[in-house]
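>>> starting from these lines, generate the structure:
(chains A and B)
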Amino acid sequence: MNSTTEEAPALPEADRVPAHAEGKRLSRGRLRRSKAPVPTAQSFKSRLRRDKQMLLMMLPGIAFLLLFFYVPILGNVIAFQDYQPYLGIGDSLWVGWQNFVDLFGNPDFVHAFWNTLYLAAWQLVFLFPVPLVLALIVDSLVSARVRKVFQSIAYLPHFLSWVLVIAFFQQMLGGAGFVNNTLRQFGMDAVPFMTNPESFPVLVVAQMIWKDAGWAMIIFLAALASIDASLYEAAAADGAGRWRRMWHITLPGLRPVIVLLLILRIGDILSVGFEQFILQRDAVGAGAAEVLDTFTYYTGVIGGGWSTGAAAGLAKGVVSALLIYAANKLAHRFGEDGIFAKKVG
Amino acid sequence: MATTLPARKTPASSEATRKATRKVVRKVKELSYNPKRPVWKERPSPLYQTIKALVLIVFSVSILTPILLVVSTSLADNDQLMRAGGFVLWPERPTLDAYVTIFKGPMVIQSLGVSLFVTAIGTVLALFVTITMAYATSRTVLFGRPVILGVLFTLLFAPGLIPSFLMIRQLNLLDSLWSLILPGIFGAFNFVVMRSFFMNIPGELIESARIDGATDWQILWRIVMPLSKAVIAVVGLFYAVGFWNSFFNALLYINDHSKWPIQLLLRNFVVQGSGAADQLGITTAPPPQSIQMAVVVVALVPILMVYPFLQKHFAKGVITGAVKG
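Okay, here's the model as predicted:
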């Protein structure tokens, strides 16, 4: 097929790689970076004419990306300015790194930063393994009906908004909630599940498990289903018990998915869960619930410190980008595909 | 899809084959969905079985209890609520009083209207932008895959809260419902799902249409979209759920109470519980539990209604296939 693509200029249509071939190539890691046909100067004009309508189709998407993605990225320059809304970006005073210097001297920001890392560590340790364990259990079920019923229940909360999730938790565990009401009826003291700053990380992780652990299972289940069953059969015939089979077949089979999800998780680690925190910051206080995103929101939008907020947001964005890059490199080093070309919600 | 047609043309001769086919289908179903335990797999010990069952039951119950509690409490009558101390797990005499009350005030109806408008318009626009972009990039056009992958890679990062806010303000969209719609009309994940589906449509189909003189728009409308109904439905539902659930954009961009979507109303009324009665335009004393719960249910019901459709399509592997690719 490569030979046909080389002779493309003669046949204007032939250089469109057949779609199924393209799809196959995408799914195989090795070949992904093989070169796509590079437009030569000669064919560029004819290609432009031929693809006019296709390019037209891209316009709405490109307009969106420019307007709500790339231009706002450029808008981050206000992090280096003393931005005043009435002056605008053009006329505001340029202050260089001053905002960042101030930021790292600001105890609130430093607190938000460490708190973010603290909560992220909780999530990584206690949240990440849950979907994996659930998927292993579900995959081992023999009854298709039990499996289906459980999946129907487990996926549901993913589609509920954070506002609803917090409302549910409040009604169950809040000060006037169901559990505390019941405790009081039995003459016991109420437990401040929702307002105790110390136990806030536990609450946050519990909410995340409630909402998304079932959904995160879906990816592991797909990976488990793609493991060749004859491997298990052969291993069992050779006398491997269930734990040995899990260690030597299941977990190696899941390794690419686990690595991929870990990378995405690491890139996302500074966005510990914005809506969740903003919804509960009033209840537990800024001490426990202030993370980088809420700091940006309250300093910038509420407090009017536009430049400080933008600087905090930019610092977070840059660190996240570096983390993704580093994690991806690390994955390549371990012989995995990494995330290039892959993106999970 | 295509194979069912010839089978129907010859009904008499195919009686035996149909029986055989049905048998094979049943066998395949049995093997793929309900396999008897494979011979090489030992029965798990009772201990493991108990642990597994416990984990699954505890997880399911913890998900279902709050939902049941809220729905039941919203339907319970005052007597039972008083006796139970605020919450019931099962309404003895279900009543819709709470719903009648919240729909009397203007706030809930207004915010439902806002949410419905944003969801409907947003989903249509989002589908348009995503489908056109996904189709145009699914065929090699002008520039190759590296450019598209590069762009996709940048989408892993976010432009940041403050610059996005300033952009919306610059466009004069503050306090406009378009500020809830426009930032959500393109999602990288949905784009990838759609694009990888389009890439799996055989190129021959499109080539033959082009030879017959179809333009790219005609090909998209007449050939590609009819073949992609399932994925369009799923992506559309994803967008719809996203628009319905979005709360933070409204918190950022909308000040005017009459333009609050239902999620923001829910946050201010139930989660923060401030000045509830005033905001809802209800003049009764502090609202009983069931009124708060009724608002929760109003926000919940649309999701519950589309959930079976959403789920049916994951089962077909649309999403998992895309995730793998």
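>>> now B:R267: closest residue in space that isn't a chain neighbour?
Distances taken as C-beta to C-beta, 6 or more residues apart in numbering or on different chains place A:V163 nearest to B:R267, at 4.8 Å, with adjacent residues excluded. Glycine gets a C-beta too; all of them are placed from N, C-alpha and C.
>>> go ahead and confirm that neighbour touches B:V271.
Yes - under the criterion of C-beta atoms under 8 Å, A:V163 makes contact with B:V271 at 6.3 Å.
>>> of those two, which one has the most company?
More neighbours sit around A:V163 than around the other of A:V163 and B:V271, counting by other C-beta atoms under 10 Å in any protein chain shown; the figures are 26 against 23.
>>> ranges for the strands of the chain?
In the absence of a named chain, this looks at chain A. Taking DSSP state E as the criterion, chain A carries its strands at A:81-82, A:93-94.
>>> excluding chain neighbours, what is closest to A:V272?
According to C-beta to C-beta, 6+ apart, the nearest residue to A:V272 is A:L119 (4.8 Å).
>>> tell me how many other residues surround the one you found.
When neighbours are counted by other C-beta under 10 Å, A:L119 comes out with 22.
>>> circling back to that earlier point, among the strands of chain A, which is nearest chain B?
Between chain B and those, the tightest spacing by C-beta to the nearest C-beta is seen for strand A:81-82, at 11.8 Å.
>>> so which elements touch that closest one?
Using 3 or more C-beta pairs under 8 Å, 6 or more residues apart in numbering or on different chains; DSSP states H and E, the elements in contact with strand A:81-82 are strand A:93-94.
>>> pairing partners for the strand it packs on, with directions?
Based on DSSP bridges, the strands next to strand A:93-94 in the sheet, each with its direction, are strand A:81-82 (antiparallel).
>>> same question for the strand it pairs with, mean pLDDT?
The average pLDDT for strand A:81-82 rounds to 86.
>>> for stretch B:77-89, same thing?
pLDDT averaged over stretch B:77-89 equals 79, rounded to a whole number.
>>> what lies in contact with it?
Counting by C-beta atoms under 8 Å, 6 or more residues apart in numbering or on different chains, the neighbours of stretch B:77-89 from elsewhere in the structure are A:171, A:176-178, A:181, A:184-185, B:65, B:68-69, B:72-73, B:76, B:91-95, B:97, B:288-290.
>>> what about those residues, which are in helices?
Among the contacts of stretch B:77-89, the residues falling in helices (DSSP state H) are A:171, A:178, A:181, A:184-185, B:65, B:68-69, B:72-73, B:97, B:289-290.
>>> just the closest of the residues you listed to A:L270, please.
Sorting these by how near they are to A:L270, with C-beta to C-beta, puts A:Q171 at the top with 30.8 Å.
>>> circling back to that earlier point, and the contacts of stretch B:77-89, which are buried?
With burial judged by 16 or more other C-beta atoms under 10 Å in any protein chain shown, the buried subset of the contacts of stretch B:77-89 is A:171, A:177-178, A:181, B:69, B:72-73, B:76, B:91, B:97, B:288-290.
>>> which two in these are spaced the farthest apart?
In the buried ones among the contacts of stretch B:77-89, two members sit farther apart than any others by C-beta to C-beta. They are A:G177 and B:D97, at 22.3 Å.
>>> does B:V70 touch B:M293 like I think?
Yes - under the contact definition of C-beta under 8 Å, B:V70 touches B:M293, with a separation of 5.0 Å.
>>> joint contacts of those two?
Taking C-beta under 8 Å, 6+ apart as the contact rule, B:V70 and B:M293 both touch A:Q171.
>>> mind pulling the model confidence for A:N328?
A:N328 carries a pLDDT value of 80.
>>> ugh, wrong one, A:R32
In this model, A:R32 is scored at 43, pLDDT.
>>> just want the angle from the one helix or strand B:T50 maps to to helix A:178-185.
Assigned by DSSP states H and E, B:T50 falls within helix B:46-75. In terms of direction (axes from the mean of the first three to the mean of the last three C-alpha atoms, to 10 degrees), helix B:46-75 departs from helix A:178-185 by 90 degrees.
>>> what packs against helix B:46-75?
Applying 3+ C-beta pairs under 8 Å, 6+ apart, one finds that helix B:46-75 contacts helix A:129-139, helix A:144-155, helix A:162-173, helix B:97-104, helix B:289-315.
>>> just for chain B, where's the confidence low?
Segments of chain B classed as low confidence (criterion: pLDDT under 70) are B:1-14, B:25, B:27-37, B:39, B:140-145, B:273-288, B:314-325.
>>> can you give me the strands in it?
With strands called from DSSP E, chain B shows none.
>>> check it for its longest helix and report it.
Under DSSP H, the helix in chain B containing the largest number of residues is helix B:106-138.
>>> in that helix, what counts as buried?
Buried residues in helix B:106-138, counted by 16+ other C-beta under 10 Å: B:107-108, B:110-112, B:114-115, B:117-119, B:121-123, B:125-127, B:129-138.
>>> that helix near chain A at all?
Yes - for a cut-off given as C-beta under 8 Å from any C-beta of the partner chain, helix B:106-138 has contacts with chain A, namely B:F128, B:V129, B:T130, B:T132, B:M133, B:Y135, B:A136, B:T137, B:S138.
>>> name the helices or strands packed onto that helix?
Under the contact criterion of 3+ C-beta pairs under 8 Å, 6+ apart, helix B:106-138 touches helix A:52-65, helix B:178-181, helix B:188-199, helix B:229-245, helix B:262-266, helix B:276-280, helix B:289-315.
>>> tell me which of those helices lies nearest to A:S320.
Nearest of these (C-beta to C-beta): helix B:188-199, 15.2 Å.
>>> overlap of the contact sets of A:V163 and B:V271?
Counting by C-beta under 8 Å, 6+ apart, the shared contacts of A:V163 and B:V271 are A:L279.
>>> which residue packs closest to B:I131, ignoring adjacent ones?
B:M194 (6.5 Å).
>>> same check on A:G285?
Going by C-beta to C-beta, 6+ apart, A:G285 has A:P197 as its nearest residue, at 5.9 Å.
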